[in-house]
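Can you look at this prediction? I've put the sequence above it.
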Amino acid sequence: MRLRILLLAGTALLCAATAQAKTLVYCSEGSPENFSPMLNTTGTTFDANHPVYGRLIEFKPGETGIEPGLAERWDISLDGKVFTLHLRPGVKWHSNAAFKPTRDFNADDVLFTFNRQAKDDHPFHKVSGGAYDYYGDMGLPKLIAGLEKIDPLTVRFTLTEPSAPFLSDLAMEFASIQSAEYGDVLTKAAKPEQIDQAPIGTGPFSFVAYQRDATIRYRRFDEFWGPKAKLDALVFSINKDPAVRLAKLRANECQVSAYPAPADLPGIRADASLKLMDQPGLNIGYLAFNTQKKPFDDKRVRQALSMALDQKAILDAVFLGAGQPAKNLIPPTMWSYNDAVQPWPLDVAAAKKLLAEAGYPEGFETDLWAMPVQRPYNPDARRMAELMQSDLAKIGVKARIVSFEWGEYRKRAQAGEHSLALFGWTGDNGDPDNFFVPLAGCAAARVGGGNIAKWCNREFEALVGKAVTLTDQAERAKLYEQAQIIMREEQPFYDIAHSVAFQPMRKNVTGYVMSPFGRHIFDQVDLQ
């Protein structure tokens, strides 16, 4: 009898411990393209990767300022071209069924991560397609002259010229550090692609499983070098429909949800079981004109279409008061914003006249691509496309709305298959360079690059290229202000809106801090 009582007591304690395990479910809006942030530029994929990986530098929670990460300190040469990073000792790697690490994080992993992106002859360069969009779009192949291992816990980056945002660049998702030892194990097993499908990192959560369009599962990594996660487990529940996500949130089937529909915001505020955080979005929603395709290679055509679009009607119908009209690529909260720039006015008669001057008095036919997912900068791309379709018809332009699955949409748009495409951007490091270079720079205009307008203007390129080498922010701002004037005249993008970012969650969620970059981060989130 005594043995039975002891067994029952032990079972009760085990059940109690299990019941107290904290699992947070996040209702995500889409599936990640893979589990390697260096291969992608979308927030959906960055969110899915962030729990797993660490970076040399980290952004302070809720801020654009930086703090030590896998590098505990760094030195910068007087000429601003040599960055020596001193790595944190004792950092542990995750493990899985195929990999048990035999050593801690060290300089070899840093070289593996950056050389994979930089060097054509690296054994992992072409794995998973080998398209390193961010690394290329930001001009890092030209900027980074060399990366060397000084000792197991010291690495040195040598740049071709000074770069004001370089340390912030190292805190971005594309710079997440992968394990060189894991790469060696997968190479010997003839499964190199697993590095991007079954990720191994140093982050606060380790990857458990992924079912496409359904769930991603993570568990707390108890050997994490920093503050331990307060959650035992983290689950991403994937659903594209904001109404379904909200229903799950209200039913407590998830505790945090992505991207609420603007029409649902009043109801969320009124729900006693929920709370709603908000902040100005560091973002831009835009329509990209493919400047390498006729007739959009003629700026008069781009200007004419811009004058035909009713921006106020679009904001009223799609953003429902949760967005502000855009006239520049960067948001007005960002330093160097040029408020003197005037947007193209709504003027159908002038638009028709300009089209006639460009050789299209009767208009023309075109495609208009609409994203299949909600983004913070565009809560309903299909509805937006329909409004634009109606506006363009008034000047004789017949637009056919096209869409694809999100990963395919992005891939095809970056390849330049579109004529007109709705797209957007949420900043990743708080610097204007992070908008102008990856969205409008010449390097990013290549096939596969993030410059969806495929626009390359040498005067613009010279201005932003010089700005990034300066340390005086006022001098940099002057150059960026000039660059915005050029963009207004050339009009490679029709700037639509900067949205307010909203974050709904259950009342019992604590410790959640909104990221200025639109990331959903759960490192120190708790459930009361």
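Noted; the coordinates are in hand.

Grab the nearest non-local neighbour of residue 256.
residue 505 (4.4 Å; C-beta to C-beta, 6 or more residues apart in numbering). (C-beta placed from N, C-alpha, C; glycine too.)

roughly how far out does the helix or strand encompassing the one you found sit from the chain middle?
Assigned by DSSP states H and E, residue 505 falls within strand 493-506. Distance, stretch centre to chain centre, for strand 493-506: 14 Å (C-alpha atoms, centre = their mean, to the nearest Å).

Can you give the strand pairings for the following helix or strand past that strand, parallel or anti for each?
Per DSSP H and E, the first helix or strand lying C-terminal to strand 493-506 is strand 509-510. Here strand 509-510 is paired, per DSSP bridges, with strand 526-527 (antiparallel).

neighbouring contacts of the strand it pairs with?
22, 24, 230, 231, 255, 508, 509, 510, 511 (C-beta atoms under 8 Å, 6 or more residues apart in numbering).

Show the backbone phi and psi for the fifth one.
Dihedral angles of residue 255 (phi, psi; degrees, to the nearest 10) stand at phi -110, psi -20.

burial of the nearest residue to it once chain neighbours are set aside, as a residue count?
In space, and not counting its chain neighbours, residue 255 is closest to residue 506: 4.5 Å by C-beta to C-beta, 6+ apart. Using other C-beta atoms under 10 Å, residue 506 has 20 other residues around it.

For residue 476, give me its contacts.
164, 336, 432, 467, 468, 470.

before we move on, the earlier item: which ones are touching the residue nearest to residue 256?
Per C-beta under 8 Å, 6+ apart, neighbours of residue 505: 249, 255, 256, 257, 274, 275, 276, 277, 512.

Mind checking which of these are in helices?
residue 249 (DSSP state H).

Which of the contacts of residue 505 fall within strands?
The strands, defined by DSSP state E, take in 256, 257, 274, 275, 276, 277 from these.

So which of those residues wins on neighbours?
In the ones in strands among the contacts of residue 505, the most neighbours by other C-beta under 10 Å go to residue 257, 30 neighbours.

Quickly list what that residue is bridged to.
Counting by DSSP bridges, the residues bridging with residue 257 are residue 27.

Does it touch residue 251 like I think?
No. Assessed by C-beta atoms under 8 Å, residue 257 is found out of contact with residue 251, at 11.4 Å.

re earlier: pLDDT added to the ones in strands among the contacts of residue 505, as CSV?
Shown next, in CSV, are these (pLDDT from 0 to 100):
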residue, pLDDT
256, 98
257, 98
274, 98
275, 98
276, 98
277, 97
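
Among these, find me the one that's closest to residue 240.
The nearest member of the ones in strands among the contacts of residue 505 to residue 240, counting by C-beta to C-beta, is residue 257 at 12.4 Å.

quick one: the one helix or strand residue 48 maps to to chain centroid distance?
Using DSSP H and E, residue 48 sits in helix 43-49. In terms of C-alpha atoms, centre = their mean, the centre of helix 43-49 is set 7 Å apart from its chain centre.

Give the other helices and strands that the helix or strand just after that helix contacts.
With elements assigned by DSSP H and E, the helix or strand that comes after helix 43-49 is strand 57-59. If contacts are counted by 3 or more C-beta pairs under 8 Å, 6 or more residues apart in numbering; DSSP states H and E, strand 57-59 sits against strand 66-68, helix 166-170.

Which strands or helices does the last one pack on?
So that's helix 166-170. Packed on helix 166-170, when contacts are counted by 3+ C-beta pairs under 8 Å, 6+ apart, are strand 57-59.

Next, format the ones in strands among the contacts of residue 505 as a markdown table and append distance to residue 241.
Below are the ones in strands among the contacts of residue 505 laid out as a markdown table (distance: C-beta to C-beta, whole Å):
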| residue | distance to residue 241 |
| --- | --- |
| 256 | 17 |
| 257 | 11 |
| 274 | 18 |
| 275 | 22 |
| 276 | 19 |
| 277 | 22 |
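
which one of the residues you listed is nearest residue 368?
For those, the nearest to residue 368 is residue 257 (29.3 Å; C-beta to C-beta).

gap between the closest one and residue 244?
10 Å (C-beta to C-beta, to the nearest Å).

and what of residue 176?
Using C-beta to C-beta, residue 176 is found at 30 Å from residue 244.

Give me the more crowded residue out of these two.
Ranked by neighbour count (other C-beta under 10 Å), residue 176 and residue 244 place residue 176 first, with 23 against 14.

so what's the more buried one closest to, chain neighbours aside?
Leaving aside its sequence neighbours, residue 176 sits nearest to residue 53 (C-beta to C-beta, 6+ apart; 3.5 Å).

now stretch 216-235: how far from the chain's centre is it?
22 Å.

circling back to that earlier point, please read off the pLDDT at the residue nearest to residue 176 from the model.
Here the pLDDT value assigned to residue 53 is 98.

Check residue 373 too.
88.

cool, and residue 270?
98.

Near it, how many other residues are there?
Count around residue 270 with other C-beta under 10 Å applied: 9.

distance of it from residue 320?
Taking C-beta to C-beta, one finds residue 270 at 16 Å from residue 320.

Output the strand holding residue 505 in CSV, but only the C-alpha positions, please.
Coordinates of each C-alpha in strand 493-506 appear next as CSV, following Å, rounded to 0.1, in the frame of the first residue of the first chain:
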residue,chain,number,x,y,z
PHE,A,493,7.9,53.4,-57.3
TYR,A,494,4.5,54.8,-56.5
ASP,A,495,4.8,55.2,-52.7
ILE,A,496,1.4,54.3,-51.1
ALA,A,497,1.5,54.3,-47.3
HIS,A,498,3.4,53.9,-44.1
SER,A,499,1.3,51.9,-41.7
VAL,A,500,0.9,51.8,-38.0
ALA,A,501,2.0,48.5,-36.7
PHE,A,502,-0.5,46.7,-34.4
GLN,A,503,0.1,43.7,-32.1
PRO,A,504,-2.9,41.9,-30.5
MET,A,505,-2.4,39.4,-27.8
ARG,A,506,-4.1,37.8,-24.7
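
Can you list the low-confidence ranges for this structure?
The model of the chain has pLDDT under 70 over residues 1-20.

ok, and what's touching stretch 215-226?
Against stretch 215-226 from outside (C-beta under 8 Å, 6+ apart): 28, 32, 48, 51-52, 54, 88, 90-92, 94, 202-210, 228-229, 231-238.

Please apply the same query to stretch 103-112.
So stretch 103-112 is contacted by 54, 56, 70, 85, 87-93, 124, 147, 149-155, 177-181, 183, 202 (C-beta under 8 Å, 6+ apart).

Any chance of a ChimeraX selection covering the buried ones in those?
Selection of buried members from the contacts of stretch 103-112 for ChimeraX, criterion 16 or more other C-beta atoms under 10 Å:
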select :54,56,70,85,87,88,91,93,124,147,153,154,155,177,178,179,180,181,183,202
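
Restricted to strands, list the contacts of stretch 103-112.
Among those, the members falling in strands (DSSP E) are 85, 87, 147, 149, 150, 151, 154, 155.

quick one: which of those is nearest to residue 316?
Looking across those and measuring by C-beta to C-beta, the closest to residue 316 is residue 85, at 48.8 Å.

bridging residues for that closest one?
Applying DSSP bridges to residue 85 yields these beta-bridge partners: residue 74, residue 155.

ok, now residue 367?
residue 400.

and it, how many neighbours does it have?
Using other C-beta under 10 Å, residue 367 has 15 neighbouring residues.

Would you mind measuring from it to residue 452?
Going from residue 367 to residue 452 by C-beta to C-beta gives 13 Å.

Same question for residue 311.
19 Å.

Tell me which of the two has more neighbours.
The neighbour count for residue 311 versus residue 452, taken as other C-beta under 10 Å, is higher for residue 452 (29 against 20).

which SS state does the more buried one fall under?
Here residue 452 takes the coil state, with states given by DSSP: H, G, I helix; E, B strand; the rest coil.

residues touching it, list them.
Per C-beta under 8 Å, 6+ apart, neighbours of residue 452: 288, 290, 413, 414, 418, 421, 423, 439.
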